[in-house]
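Visitor: Give the three-dimensional model of this entry:
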Amino acid sequence: MNILITGGNGYIGSHTYVSLREQFPHAQLVIADNLSNSTVKALDNLKKIVQEEILFHNIDICHEEILEDLFSKHNFDAIIHFAGFKAVGESVDNPLKYYNNNLIGTLNLVKLCLKYDVKKFVFSSSATVYGDRVSPIVESLELLPTSNPYGETKAMCERILMDVAAINPEFSVSILRYFNPVGAHESGMIGEAANGMPNNLMPYITKVAKGELRALNVFGGDYPTIDGTGVRDYIHVMDLAEGHAAALAHLKPGTHIYNLGTGKGTSVLQLVDTFQRVNGVRIPYEIVGRRNGDLASVFADVSKAERELQWQAKRTIECMCRDAWNFEKNYVLI
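Guide: Model (predicted):
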């Protein structure tokens with residue numbers, strides 16, 4: 001199998017490369033990434049983990065002619081599509097940037113899949129497409145308008161893929177809606193490298209642990225949850241990566257949608273307490289006002305993925321905290 005991984009040098013893409021190499025040891029894996037949200041250092045470390053040279057192309061998939069040149073040189077059998085901007089707050093401040101990049105990149109890929117007879121497509125989506133729903137969230141729910149352009153682009157890309165699969169019977173699409181990826185590869189060589197102010201909770205915690213930030217801001221302490229803080233479904237990035245490999249291995253014609261999560265929620269303070277206990281470091285925090293659009297509790301129903309993909313998240317919150325801190329201690333931006 002010849003697999004193109006767009007955004008393959010990013011946080012989830014690089015970990016998925018590792019899982020794909022394990023799942024498909026004889027496949028040719030090709031990364032297309034413009035390094036807008038990753039570094040050459042991450043690529044070098046990925047090479048060390050898999051112990052092989054990587055077919056890497058520094059290209060922007062929004063440039064159709066350049067992308068087509070890549071398709072013409074490789075006889076791709078499958079696409080795993082991660083490439084896209086992903087910061088919710090930035091998407092609110094700069095919506096055109098997100099609509100332009102995320103939609104055009106996906107449209108280019110789908111057009112070239114049809115032109116070059118690429119029949120398998122795995123799409124990295126997000127639980128944001130569900131909007132404000134009562135948990136546990138199931139895949140059969142109708143998509144709702146989201147509170148941010150990032151989520152809207154994910155929903156639009158899903159609809160594009162569904163519509164194309166509906167009129168092309170051999171086109172096989174797996175849409176993976178995941179919740180809150182955290183952690184890092186057990187080697188500590190690749191992980192979530194936050195440049196500037198982190199957008200996600202775990203990188204914020206690790207920056208506080210390193211002393212780069214004074215304290216963790218906990219947004220809201222009066223939610224109807226176990227301790228008043230928001231509850232989310234945190235999943236180890238390697239479990240998530242293995243979910244992508246499983247989705248490709250079980251892919252059949254048509255559109256198939258799966259939640260990838262643990263199926264249970266963990267509060268912000270529970271995550272902080274676990275991080276402190278596992279790593280022996282103190283995380284000062286301050287409870288501040290709620291953020292607009294934040295929900296009290298969000299977690300997945302993952303029974304469909306367990307049943308159809310024979311996949312299950314198996315790494316614990318303790319493992320997520322340990323691996324995230326191990327990466328952060330070792331990480332130096334070059």
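
Visitor: tally of neighbours for residue 97?
Guide: Using other C-beta atoms under 10 Å, residue 97 has 13 neighbouring residues. Bear in mind the C-beta positions are built from the backbone N, C-alpha and C, glycine included.

Visitor: does it sit in a helix, a strand or a coil?
Guide: Put simply, residue 97 is helix when judged by DSSP: H, G, I helix; E, B strand; the rest coil.

Visitor: Wait, it touches residue 85, no?
Guide: Yes - using C-beta atoms under 8 Å, residue 97 is in contact with residue 85, at 6.6 Å.

Visitor: so what sits against both of those two?
Guide: Residues touching both residue 97 and residue 85 (C-beta atoms under 8 Å, 6 or more residues apart in numbering) are residue 91.

Visitor: Can you give me the pLDDT of residue 333?
Guide: For residue 333, the model assigns a pLDDT of 51.

Visitor: Likewise for residue 38?
Guide: At residue 38, pLDDT is 89.

Visitor: now swap in the one 10 residues further on and tell me
Guide: You'll see residue 48 listed with a pLDDT of 96.

Visitor: And the next helix or strand past the strand or helix carrying it?
Guide: Remark: residue 48 resides in helix 40-50, with elements defined by DSSP states H and E. Proceeding N to C from helix 40-50, the next assigned helix or strand is strand 55-57, under DSSP H and E.

Visitor: Who are the packing partners of that next one?
Guide: Using 3 or more C-beta pairs under 8 Å, 6 or more residues apart in numbering; DSSP states H and E as the contact test, the elements touching strand 55-57 are strand 28-32.

Visitor: quick one: strands adjacent to the strand it packs on?
Guide: Using DSSP bridges, strand 28-32 pairs in its sheet with strand 2-6 (parallel), strand 55-57 (parallel).

Visitor: how about low-confidence regions in the protein?
Guide: Counting by pLDDT under 70, the chain shows low-confidence ranges at 194-196, 332-334.

Visitor: Tell me which stretches of the stretch 51-200 of the chain form strands.
Guide: 55-57, 78-81, 120-126, 172-178, 180-182 (DSSP state E, counting those that start in this stretch).

Visitor: I'd like to know which of those is closest to residue 304.
Guide: strand 172-178 (10.7 Å; C-beta to C-beta).

Visitor: show me the contacts for the residue located most distally from the centre of the chain.
Guide: Most distant from the centre of the chain: residue 222, at 28.7 Å, with distances by C-alpha atoms, centre = their mean. For residue 222, the contact set (C-beta under 8 Å, 6+ apart) comprises 228, 290.

Visitor: for the one 3 residues further on, same thing?
Guide: Under the criterion of C-beta under 8 Å, 6+ apart, the contact list for residue 225 reads 231, 267, 296-297.

Visitor: if we can go back for a sec, now name the helix or strand holding the residue farthest from the centre of the chain.
Guide: Using DSSP H and E, no helix or strand contains residue 222.

Visitor: With residue 271 as the reference, measure out to it.
Guide: 18 Å (C-beta to C-beta, to the nearest Å).

Visitor: Repeat that for residue 256.
Guide: 31 Å.

Visitor: do residue 298 as well
Guide: Residue 298 is 14 Å from residue 271, by C-beta to C-beta.

Visitor: between those two, what contacts are shared?
Guide: Shared contacts of residue 298 and residue 271, counting by C-beta under 8 Å, 6+ apart, come down to nothing at all.

Visitor: residues near residue 253, how many?
Guide: Applying other C-beta under 10 Å, I find that residue 253 has 14 neighbouring residues.

Visitor: longest helix of the chain?
Guide: Ordering each helix of the chain by length in residues (DSSP state H) puts helix 149-167 first.

Visitor: residues in contact with it?
Guide: Contacts of helix 149-167 (C-beta under 8 Å, 6+ apart): 84-88, 90-92, 95, 98-99, 102-103, 106-107, 110, 114, 121, 123, 125-126, 128-129, 131, 143, 145-146, 171-173, 175, 253-255, 257.

Visitor: Kindly report the same for stretch 256-266.
Guide: Contacts for stretch 256-266 (C-beta under 8 Å, 6+ apart): 127, 135-139, 158, 172-180, 231-235, 239-240, 243, 247, 274, 297-305, 308-309, 311, 313, 317.

Visitor: So for that stretch, what gets flagged as buried?
Guide: 256-263, 265-266 (16 or more other C-beta atoms under 10 Å).
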